[in-house]
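requesting a structural model of the entry that follows:
(one chain, ligands or ions: 1)
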Amino acid sequence: MIEPEEYRRRLRALLARPLFRKGSHAVNPGWIGIAERLADAVEALPRGGTVRCSQCGEKFGFWKAYLVFDFSDGDMRDALTGPMREAEVVSSRTCLVCGGPGEIVQVCDDLWHLALCPEHAGLPRDEISALLRPFVEALKQGAADDGKPA
Ligand SMILES: [Zn+2]
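Sure thing, here's the model as predicted:
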């Protein structure tokens with residue numbers, strides 16, 4: 001599991017990249033590497049600069065990124081499908097807390113589905129929330145960050 005300080009540093013770098021510069025973005029600590037790899041893949045495309053992520057976050061256990069681009073460009077759409085799917089599939093097998101190997105599990109008795117490793121899947125819901133709290137705080141500050149250490 002990465003430290004909140006490292007997460008804050010990587011999140012700040014991520015939100016400065018063309019793909020994530022605008023929009024509403026939520027990336028759990030265990031998934032920050034997935035978001036970084038998606039940005040790498042998009043930037044490696046011939047027209048990577050024309051693509052941006054309008055919104056991303058956890059949905060039904062997956063990390064989902066909504067990419068906006070010139071829809072008249074069919075080649076671009078095809079080129080983006082692979083990296084987008086890859087990010088979703090990998091997130092469903094990656095613990096959103098620690099980044100370790102995991103799977104989507106139902107948390108407690110409710111309908112909350114999260115991708116968790118066996119260790120974190122064994123925790124009560126409020127303990128998972130407590131673990132994520134410093135990262136949620138960092139995320140809230142992310143876009144508005146003035147560069148000073150918190
Ligand atoms: Zn874990």
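
now the helix or strand hosting Trp63: average pLDDT?
Assigned by DSSP states H and E, Trp63 belongs to strand 62-68. When pLDDT is averaged over strand 62-68, the result is 93.

could you report the distance from the spatially most central residue of the chain to Ala79?
Per Cα atoms, centre = their mean, the C-alpha nearest to the average position across the chain is that of Val27, at 3.3 Å. Between Val27 and Ala79 the computed distance is 22 Å (Cβ to Cβ, to the nearest Å). Heads up, the C-betas are built off the backbone N, CA and C, glycines and all.

swap in Pro124?
43 Å.

these two: which is more packed in?
Ala79 (19 against 10; other Cβ atoms under 10 Å).

so that one sits in a strand?
No - using DSSP: H, G, I helix; E, B strand; the rest coil, the assignment for Ala79 is helix, not a strand.

show me the contacts for the nearest residue to Ala79 once chain neighbours are set aside.
Spatial nearest neighbour of Ala79, excluding adjacent residues (Cβ to Cβ, 6 or more residues apart in numbering): Leu45 at 5.4 Å. Residues in contact with Leu45 (Cβ atoms under 8 Å, 6 or more residues apart in numbering) are 51, 76, 79-80.

Glu119 too?
Counting by Cβ under 8 Å, 6+ apart, Glu119 makes contact with 98, 100.

run a quick neighbour tally on Trp118.
Trp isn't right for residue 118; it's Pro. Neighbour tally, Pro118, other Cβ under 10 Å: 12.
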